[in-house]
Each structure stands twice: as C-alpha cells, then as structure tokens.
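*Asks:* Show me the folded form of this:
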Amino acid sequence: MTIRKMIMCGSVLLIGIFCAAGCGRVQTPAGGGSPAQDSVTEEQEASGAEIGDAGMEAGEAEREEAGIGADGAENGEPGAGIGADGAENGESGAGIGADGAEDGESGAGIGADGAENGEAGTRTAGTPCPLSVSGARLTDQDGNPVQLRGISTHGLAWYPEYVNAECFRQLKEEWAANVVRLAMYTAESGGYCTGGNQEDLKALVKEGVEYATDCGLYVIIDWHILSDGNPNTYLDQAKEFFREMSGEYAEYENVLYEICNEPNGGVSWNDIKAYAEQVIPVIREQDADGVILVGTPNWSQYVDQAAADPITGYDNIMYTLHFYAATHTDSLRDTMVKAVEAGLPVFVSEYGICDASGNGAIDRTQADKWMEVMDEYGISYVAWNLSNKSETSAILKNSCGKTSGFNREDLSDSGAWLVETLGGSGNAGGASADGPMGDTHLPGTGNGADTKAPGGDSADKPASPAVPGTESVQNPPKKPAGTEPGGKSPESDQLSVQTKLINSWEQNQESYYQYEATVTNSGDTALDSWKIILTFEGDITLENGWNGNYQTEGNTLTITNMDYNGYLDTGGSAENIGFILKIAP
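*Replies:* Residues are numbered from 1 along each chain as shown. Down below sits the predicted model:
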C-alpha cells in the first residue's frame, strides 16, 4: 500500500466495529518500533441508518431505538474520554490548562511538537507519532508518556453521517481532541455479524481512518460487542475483520485496535483472554506493533482480574475500563488505580458523565473526580458519544441536524462539558462558569428538552415497578410480595436491604428501571459474605449490574457479593450495588 504522509492534525480517532476502539498511527514500514461502566447501557438502533447496497441512509425518521445492555458503561455505554487540561493548542504548541496557560507540575505538556511540560508531565499527542506501551503507560517512540483524549462515535450503522472530514477537523482543531473512536457494533440491528452490510461497514471504517489521519487524529477501530456478550460468539468474524484492518493499516502510526468493547453477561476473564490470544496474533501477522485494546469482564470494569492474569507474549497491549460517572464512583476508581499501580496499562475507551444507562442526571462532581485521577495517572480516555440521539450521553442536542460546524447552541449538556473539559475553543467553545455547566448535577434530558424524560420519551414515565424497600424518584412503587421496605433479607436475619429507584424509561414499548441497593449487616457478628433476594411483580430481564453477582429467575433477582465487598462488620454496609432491569408488565 502507498505510504501516507505524516498526520498533521494531532488528534486520536477511535474506530469501532460495534465493539472496540482502535488508534490511528502515521504509516511507517511494518515492524517498526511502537509501543480499556456504570453501569452504562448502550441503546441499539433497531432500524437506524441502514447500510445497504445502495449506500447508507441515515434519516432521523428511520432510527428506532432498541434497549441494550447497560453496565460497563456503554451507553454506549458507550463514550470517548476527553482530557481536561492537556489538549493540544494547534500549531502554536502552547501548553493548555484551564486558563490556557501551561499546566505546570501536574499538567500535560502540549504542543505541535509534543514536547513534555516538565518531568512529571504527560504528553498529549500533537502530530501522531508511533505509540508504545511501557509498563502501565502509553508512550511515544522516545518513551515519553502520552495521553489520548477524545470522543467515540455512536454505532456506525446508525449514525454514519458524523464520519466526515469537516467533523473530524473540528474535533481536532476546535475541540482539542486528539483521538476518535469508530464504534462498529457486531450484533444489534445492522450489526456486522447480524445482517449488516459488511462491505459498507468496512468502507465506513476505512473512510473514518482516512479522515482522522488527514487531520492528525489518532483513531481507534472498535469491534463493538455488546448484546452478544461473549466475544467468542463471533470469533471467526473478528479474526477476519482484524486481519483485513491490520493489513490495511500496518504502516499507519495513528491506528489502534479495540478487539472487544464490553464483554458482559457473566463472561469470565479466562473467556476473554482466550479470545484475545486468538485475535492478537492475527493482528500481529500484519501489524507488528500497533497498540491493541482488550476489554475486561462486566462491561469492561474488572481490570483487576486482568491485572492478576495479564496476557503475555505480546507487546503493546492495553486493557479497557469503562465508566459512567453518575453510576460508577469511588469503588471502580479504586479498582482502576490499584490495577495501574500493579503495572496494568489501562485505557478508558468509553465513558460518560451520566448514569450507566446513558441517560439520567449528569454528575459533574464525580466526572471531575474521574478526570483528576485519570490525568494524574496519565490514563487515556474517550467520551461516549458523537450523535444527536435522544439520550444524555449524546453530545449533540436531538434537534441538531448538523453533521459538522457545530456551535455552542448545538451541544447537549454532556457536549458542553466535554468541549470545556478538553479545553476546546472556536464555534463550540466551553460554557460559561455561570451557565448550566456550573451545576454539579444537571437535568438528565441530555438534549436541552426539559419536557422530555430520559431516553427522549414523554415525561409520562411508566409506573415504577414493585421492589423491596424502594424509594422512587417518581411514583412510589407498590410493596412486592414477601418483602417490606427496609425489611430483612430472606437469606439472613442479620441483613437488611434498602433499594432506591434511580431512573426509568421506555424504549420500543418496553420499560427499563435502574436501581441502587445498600446491604447492611444489622446483626451482632461480622459476615464474610452476603446474599439478598428481591422479588418483583413482573418477570424481569437483567440488562446490567455492578458491584454484585446477579442471577434472575422469573420475577426474582438474587444478588451475591463480590470478593471486595463481601465482608461486612457489625453495622457495616455494601453500597452502590446497582442494576438495570427490563420488567414485563
């Protein structure tokens, strides 16, 4: 293939196949030196922009949303992380902080030439350079730490229109992103492995890589597994896809490969590792040193399991973690930090600042805590998602019909926060501190429509389902049979459980509910483990869950502890046990 010129934009683009993310690289001869929710649910578009033989049709009227797993944070769960103060400042090469000045001791050095900003600084890539993984860090060819910050597309089959040269140019030059993720779903409607036009999807990925390369962005090619849960389901297709992609981009310095977005549904790290150990060598046959991102269990949250048993025999491997700030807080952050401190290279290839469903209220306080920790450790992050979908995590208002040239009025609350955090300027510059972005918890409409409920439905939400001990944000639910609010767990006289309805929405005539539970040891002796059983009025389907092990049968949900929250001293509690259910009427 023809050797391309060096990328001049300095941004990273993540490209996904409905599943994973990849990072763009400037082309060099193959074999040259080079170096991861919320639970969050990503909604699938049941009949959104079809990619057919005649091309891609992306009319808004053709998009219908279908529910998708919720946890790891894909709300897609979807999101590309964006740096807070280390974004590149174009050709001037000046360090950028909250006030436009250099970041000093804790800041990330930024410039067209990527020079470091002090010994402790992390370089935010300018002109894309070869990437490597050294220890727990992403680095350039000279071993200097590099941090990628940017945004992920939504599903390429549903929102292909945002893959265009002008949009990517704005991400790089005006918003100060340095990476973009191309999310290609493997399942769902129009998915690569479930009836989607594979040739058209691959062509769209390739267009995205070229647009990103031309403007200097890194780009992530994302094999976006979600509803398929186990990456081994479509192993053969994954191998063929990455064989083609790695052959095409072996000489690019700005391309990263994300091979499994969010493994979920009880898939073990052993299952994921076995999958990765078959896909990685396929990529390495073509691209000897491109950075590869590997998902982790439970919607890419259990990086601790990868840290305890990492993949060996290959260089330049990183492990993904996904979070949604309103759902995932101290516990998941601590898990990430411990994994990094143990030497695991972690990449946050998707995040959001709302809850794990991709809807609900924005929690800026938690979002800022995540940014602070990721910047401290030089962890790259990509926000979810570049679309005008009717959900909080979408960065554009649903009313925005543009595909580029966005201004401040086009941005949702999530979008305004993102541009502000990246340190962008221009048409879509950051919001004033006196404006809505100054609030810690923002309304969860996501697209500026106060009359809309999360997910874009009318404010007439479905009646809250019965759940034990529930406090409802909307209508108080009925007490379910066999339990009383705040009553004892049927498994132990020592346990009490309190649940709270966090969010509810309707999608495709189905009702979804997000809960948070707290389990307390009210007995006189400590407990080494716990188990609770919650009974609902209708049959339930688990969409996502975190900080617990979950099993469903009929209208019953059984939750048991994780290794890290099983021990409860007298009066002690396990908190932030979250789950999202689809409940039959």
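
*Asks:* Just the local confidence number for residue 470, please.
*Replies:* The per-residue pLDDT reported for residue 470 equals 35.

*Asks:* Actually, residue 557.
*Replies:* 91.

*Asks:* residues of the one helix or strand it maps to that come out buried?
*Replies:* Take DSSP states H and E as the rule and residue 557 turns out to sit in strand 556-560. For strand 556-560, a neighbour-count test (16 or more other C-beta atoms under 10 Å) marks 557, 559 as buried. (Each C-beta comes from the backbone N, C-alpha and C, glycine too.)

*Asks:* Repeat that for stretch 360-370.
*Replies:* 360-364, 366-368, 370.

*Asks:* Tell me the strands beside the helix or strand that comes right after the strand holding residue 557, with direction?
*Replies:* Using DSSP H and E, the helix or strand that follows strand 556-560 in sequence is strand 573-583. Here strand 573-583 is paired, per DSSP bridges, with strand 510-521 (antiparallel), strand 540-546 (antiparallel).

*Asks:* what about dumping the CA coordinates of stretch 227-238 to CSV?
*Replies:* C-alpha atoms of stretch 227-238 as CSV (Å, rounded to 0.1, in the frame of the first residue of the first chain):
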residue,chain,number,x,y,z
SER,A,227,-25.6,-7.6,23.3
ASP,A,228,-23.5,-10.6,22.1
GLY,A,229,-21.8,-10.5,25.5
ASN,A,230,-19.2,-13.1,24.9
PRO,A,231,-16.5,-12.1,22.3
ASN,A,232,-16.1,-15.7,21.4
THR,A,233,-19.6,-15.7,19.8
TYR,A,234,-18.2,-14.2,16.6
LEU,A,235,-14.5,-15.1,17.0
ASP,A,236,-14.1,-16.2,13.3
GLN,A,237,-15.6,-12.9,12.0
ALA,A,238,-13.4,-10.9,14.4
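
*Asks:* State the mean pLDDT of that stretch.
*Replies:* 96.

*Asks:* Tell me the buried residues in it?
*Replies:* Residues 227-234, 238 are the ones in stretch 227-238 that count as buried (16+ other C-beta under 10 Å).

*Asks:* and which of these is nearest residue 545?
*Replies:* residue 229 (13.0 Å; C-beta to C-beta).

*Asks:* In space, what's closest to the closest one - neighbours in sequence excluded?
*Replies:* residue 265 (3.6 Å; C-beta to C-beta, 6 or more residues apart in numbering).

*Asks:* what about the one you found, which SS state?
*Replies:* With DSSP: H, G, I helix; E, B strand; the rest coil as the basis, residue 265 sits in coil.

*Asks:* Distance of it relative to residue 330?
*Replies:* Computed with C-beta to C-beta, to the nearest Å, the distance linking residue 265 and residue 330 is 26 Å.

*Asks:* Residue 386 too?
*Replies:* In terms of C-beta to C-beta, residue 386 sits 29 Å off from residue 330.

*Asks:* So between the two, which is more surrounded?
*Replies:* residue 386 (30 against 11; other C-beta atoms under 10 Å).

*Asks:* Now do that one, the pLDDT please.
*Replies:* 98.

*Asks:* Run through the bridge partners of it.
*Replies:* Here residue 386, judged by DSSP bridges, has bridge partners residue 153.

*Asks:* quick one: contacts for it?
*Replies:* 80, 151-154, 159, 162, 167, 180, 395-396 (C-beta atoms under 8 Å, 6 or more residues apart in numbering).

*Asks:* the domain parsing of this structure - what is it?
*Replies:* Per automatic domain parsing, the structural domains of the chain span 12-442, 465-583.

*Asks:* Just the CA coordinates for the strand or helix carrying residue 278, please, in PDB.
*Replies:* For residue 278, the element it lies in under DSSP H and E is helix 269-286. What follows is the C-alpha trace of helix 269-286 in PDB, where atoms were taken according to Å, rounded to 0.1, in the frame of the first residue of the first chain:
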ATOM      1  CA  TRP A 269     -11.600 -13.100  32.100                       C
ATOM      2  CA  ASN A 270     -10.500 -16.600  31.100                       C
ATOM      3  CA  ASP A 271     -13.000 -16.500  28.200                       C
ATOM      4  CA  ILE A 272     -11.900 -13.000  27.200                       C
ATOM      5  CA  LYS A 273      -8.200 -13.900  27.400                       C
ATOM      6  CA  ALA A 274      -8.700 -17.000  25.300                       C
ATOM      7  CA  TYR A 275     -10.400 -14.800  22.700                       C
ATOM      8  CA  ALA A 276      -7.700 -12.200  22.800                       C
ATOM      9  CA  GLU A 277      -5.000 -14.800  22.400                       C
ATOM     10  CA  GLN A 278      -6.500 -15.900  19.100                       C
ATOM     11  CA  VAL A 279      -7.200 -12.400  17.700                       C
ATOM     12  CA  ILE A 280      -3.900 -10.700  18.800                       C
ATOM     13  CA  PRO A 281      -1.700 -13.000  16.700                       C
ATOM     14  CA  VAL A 282      -3.900 -12.300  13.600                       C
ATOM     15  CA  ILE A 283      -3.200  -8.600  14.000                       C
ATOM     16  CA  ARG A 284       0.500  -9.200  14.800                       C
ATOM     17  CA  GLU A 285       0.900 -11.100  11.500                       C
ATOM     18  CA  GLN A 286       0.200  -7.800   9.700                       C
END
